[in-house]
Structure formats: C-alpha cells, structure tokens
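Engineer: whatever this is, show me its structure:
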Amino acid sequence: MNSFLKLSFVIFLAFVSAGLMTSCSDTDESLVSVEDFVGASVFSLESQGKIGRGGCFEFVFPVTIILPDGESASVEDYDSLKETIKAWKEANPDSEERPTFGFPLEVTSEDGEIASIADLDELKELRKTCRRQRHDGRWSPGRKFKDACFDIVYPLTISFPNGSQLEAANAVTLKEAIRAWKETVENPEGRPMLVFPITVSYEDGTEVSVADREALKDLKDQCDDGE
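Structural biologist: Below is the predicted model:
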C-alpha cells in the first residue's frame, strides 16, 4: 500500500471513530437527560408536600398525574410513576415541563393520619406541618433516587373522627372512603386514622408489625437515617 493510500485509510478510520464516539456520546447524554428528568420530576412532585422517603407523608397509591401535554395517567406505585414519566419524556425530548398532580390526592402521615388533599393550596398547607428538611433543597443531576421506605399492607382498618371504623381491603377502597367522608362531613375536625397494629412491608419482602403511631414514626426516622 503506497503512502497516499495509507494516509487515506488512516483519515477514513479517524472519521469513522469520531462518528462512533459522537454517536455514543449523544446516546449517553440522551439517557442521562431522560433519567435526570425522571428523577427531577418525581422529586418535584414529592417536594410539593414533603412526600416519600425523608418526608412526613407517603402516597396512597394509585396516584393521578397530569403530564405536560394535558393527558392524565394513573400510577400504581413508584415504578409505574417513573416509567410513565420516562416514556413521556422519550416521546417529547425537547420539553422541559414536568408533570403535576391530579387531585384529589391521598397521603398518610408519619403518625398514621390519612389526608385527602383537594388542590395544590391544601397540599402547600399540609407541607408546612412537616419538620423534615430533605425536600427543602433542589434536585441535583445524578442524585440517587430512593422509593418509599415501606408500604402499608392491606387489609387495614381506619377510624373516623366520629368514632366509626371501616376495614379497607385495598388502597382504592381506602381512598373512596376518605373522599366520601370529606365530602359529606361539614367542617370536619380531625382526620381519619389508621387503627393499630398495622403491618408494613419492605422492598425485600420483609414484613413488620407496627404497634402504634410512635412505632410508625420511628420507622420513618430510620428511613431518614438510612439514606
């Protein structure tokens, strides 16, 4: 191979390599961008009410979110929430808008109260009652996202402020009962409460019996310590 052909071949390889490197770099940046968008979006939703690990409240799934294009989606858990946001971002790569909540929204507190939130103003008022500070900062790219520390196991019993009780076979039954109570009671004082003992399950399948509200709060504190 003469010098000219050798030089041409080297130049050709250089262009091919550069193209491959650029392609890989673009792909990596795209994946990072999507993952960061998902993380920032979930963190933004949680921060509005200091919900999730490190907050004072936990979602009662299913939860409805409103995507930036106006479409709504019902998500059954954190995995479904993240996958829904990821799919939307991949289909709309140029959009920087984040999803918002669809109301009403139900959450449980660290001491077993259950709240049905009618709108964003109510959520902001609820947020003010939380002393924990994890959601006071900003989302940083590359931050490791952690789901809820544990899930409450159904069936469970809830007690209303008037002393009546209801056994909820699942989260849907619970949400419907809380919403019906809030809509039918004028100027309700207090909130429905979980009736202890309850059982919670961790990501590894381990189940723990929780004797009272102090024990539930201790579990939330342990979630903070384990971050």
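Engineer: which element is residue 116 on?
Structural biologist: Using DSSP states H and E, residue 116 maps to strand 114-117.
Engineer: now swap in residue 174 and tell me
Structural biologist: Using DSSP H and E, residue 174 maps to helix 171-184.
Engineer: so which elements touch that helix?
Structural biologist: When contacts are defined as 3 or more C-beta pairs under 8 Å, 6 or more residues apart in numbering; DSSP states H and E, helix 171-184 sits against strand 105-109, strand 114-117, strand 156-159, strand 165-168. In short, each C-beta sits where N, CA and C put it, glycine included.
Engineer: mind running it again at 6 Å?
Structural biologist: In this structure, helix 171-184 makes packing contacts with strand 114-117, judged by 3 or more C-beta pairs under 6 Å, 6 or more residues apart in numbering; DSSP states H and E.
Engineer: what pairs with the strand it packs on, parallel or antiparallel?
Structural biologist: strand 105-109 (antiparallel) (DSSP bridges).
Engineer: so what's the backbone phi/psi at the residue nearest to residue 181 when sequence neighbours are not counted?
Structural biologist: Of all residues not flanking residue 181 in the chain, residue 160 sits nearest, at 5.9 Å (C-beta to C-beta, 6 or more residues apart in numbering). Taking degrees, to the nearest 10, you get phi -90, psi 160 for the backbone angles of residue 160.
Engineer: how far away is residue 160 from residue 56?
Structural biologist: 22 Å (C-beta to C-beta, to the nearest Å).
Engineer: before we move on, what about residue 199?
Structural biologist: Applying C-beta to C-beta to residue 199 and residue 56 gives a distance of 21 Å.
Engineer: cool, and residue 82?
Structural biologist: To residue 56, residue 82 is 22 Å away according to C-beta to C-beta.
Engineer: ok, the two, which is more surrounded?
Structural biologist: More crowded of residue 82 and residue 56, by other C-beta atoms under 10 Å: residue 56, with 23 against 18.
Engineer: pretty sure that one contacts residue 129?
Structural biologist: No: if you go by C-beta atoms under 6 Å, residue 56 and residue 129 don't touch, sitting 7.2 Å apart.
Engineer: what about the strands in the chain?
Structural biologist: 57-59, 63-66, 72-75, 100-101, 105-109, 114-117, 151-152, 156-159, 165-168, 193-194, 198-201, 207-210 (DSSP state E).
Engineer: alright, I will stop here.
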